[in-house]
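Student: next comes the sequence, and after it the predicted model I'd like to discuss.
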Amino acid sequence: MNPLVEIIVLVIVGFVTGVINTIAGGGSLLTLPILIFLGLPPNIANGTNRIGIFFQSIFTTAGFKSKGVVTFPFSIYIGISALLGSILGAQIAVDIKGDTFNKIFAIIMILVVFYMVFKSKFKHLEGIEKTTGKHLWLSIVLFFFVGIYGGFIQAGVGFVILLILSSVNNISLVKSNAIKVVVVLIYTFAAIAVFIYNNSINWRLGLTLALGNAAGGWFASRWSVKKGDGMIRYFLIVMVIIMAIKLWFF
């Protein structure tokens, strides 16, 4: 592919992915196939994708903060737990063979889609947030496993995070998204370190993708705060349907 066309494609895909990941999740279902199409082996595409996710998370967190959405210290507690899990998950992703990775990727995403369709609890319940005591400790345990999954694949992890925060912690979708990006930022740092150590990142493609990711994340974070939970809920439904169609028919 022509280098200029390659840059344009990656920036555009990165922007769209940044919007999708910020408001819902599943954006890596778009970026991973693109990176593989550009010639990267699946495990290196997986590592390269994390560069875009990392910069996207930085700018998205800044975007939410600029709109007054505060997530600390709860997001730090569960983020550290996810970080520990991501080290294990990223190492599994580095060691696994390409064909096996693709098969596991497909199976996991099908399970996530079905779970989200049939067991969705995204609707925010009335009442106070549950971020202390037993609910905090339960979240810390659950986010360790979220970190394993996120370190391994990343694609679709946003849906899982939103499900936990809304059902276990009774947090609104807008704030759940703000917490989600902080958690992803923290554990992605550890995942990238593992991929770097194993020489599994293409920095040229990763940093190009990151330009679009960062712009999309900044835009979507500020826009979603303005639109509120209703818009996010509809966006989630659309994304789950798109993911299901892609996994079943393409």
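Tutor: Thanks, I have it. Numbering: from 1, shown residues only.
Student: what helix or strand is residue 170 on?
Tutor: Using DSSP states H and E, no element contains residue 170; it sits outside every helix and strand.
Student: hang on, isn't it packed against residue 132?
Tutor: No - if you go by C-beta atoms under 8 Å, residue 170 and residue 132 don't touch, sitting 11.8 Å apart. Just so you know, the C-beta spots here come from the backbone N, C-alpha and C atoms, and that holds for glycine as well.
Student: name the residue in the two with the higher neighbour count.
Tutor: Neighbours per residue (other C-beta atoms under 10 Å) separate residue 170 from residue 132, with residue 170 holding more: 17 against 10.
Student: got any ranges where the chain has weak pLDDT?
Tutor: Applying pLDDT under 70 to the chain picks out residues 96-127, 227-250.
Student: all helices for it, in order.
Tutor: In the chain, the helices defined using DSSP state H lie at 3-23, 28-37, 42-66, 74-95, 98-118, 133-152, 157-167, 173-197, 203-227, 229-249.
Student: rebuild those as TSV, extending it with mean neighbour count.
Tutor: Formatted as TSV, the helices of the chain follow (neighbours: other C-beta atoms under 10 Å):
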stretch	mean neighbour count
helix 3-23	21
helix 28-37	20
helix 42-66	24
helix 74-95	22
helix 98-118	15
helix 133-152	19
helix 157-167	24
helix 173-197	24
helix 203-227	22
helix 229-249	16
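Student: gap between residue 161 and residue 176?
Tutor: Distance, residue 161 to residue 176, using C-beta to C-beta, to the nearest Å: 7 Å.
Student: meant to ask about residue 19
Tutor: Counting by C-beta to C-beta, the gap from residue 19 to residue 176 is 17 Å.
Student: do the same with residue 92
Tutor: Distance, residue 92 to residue 176, using C-beta to C-beta: 27 Å.
Student: residue 221 too?
Tutor: Plainly put, residue 221 is 13 Å away from residue 176 if you go by C-beta to C-beta.
Student: quick one: common contacting residues for residue 170 and residue 132?
Tutor: Common neighbours of residue 170 and residue 132, using C-beta atoms under 8 Å, 6 or more residues apart in numbering, do not exist here.
Student: can you dump the C-alpha coordinates of stretch 43-55 into CSV?
Tutor: What follows is stretch 43-55 as a C-alpha-only set of coordinates in CSV (Å, rounded to 0.1, in the frame of the first residue of the first chain):
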residue,chain,number,x,y,z
ASN,A,43,0.5,-11.2,17.8
ILE,A,44,2.4,-8.1,16.6
ALA,A,45,-0.9,-6.5,15.4
ASN,A,46,-2.2,-7.1,18.9
GLY,A,47,0.8,-5.4,20.4
THR,A,48,0.8,-2.5,17.9
ASN,A,49,-2.9,-1.8,18.6
ARG,A,50,-2.0,-1.1,22.2
ILE,A,51,0.0,2.0,21.3
GLY,A,52,-3.2,3.6,19.8
ILE,A,53,-5.2,2.5,22.9
PHE,A,54,-2.7,4.0,25.3
PHE,A,55,-2.7,7.5,23.7
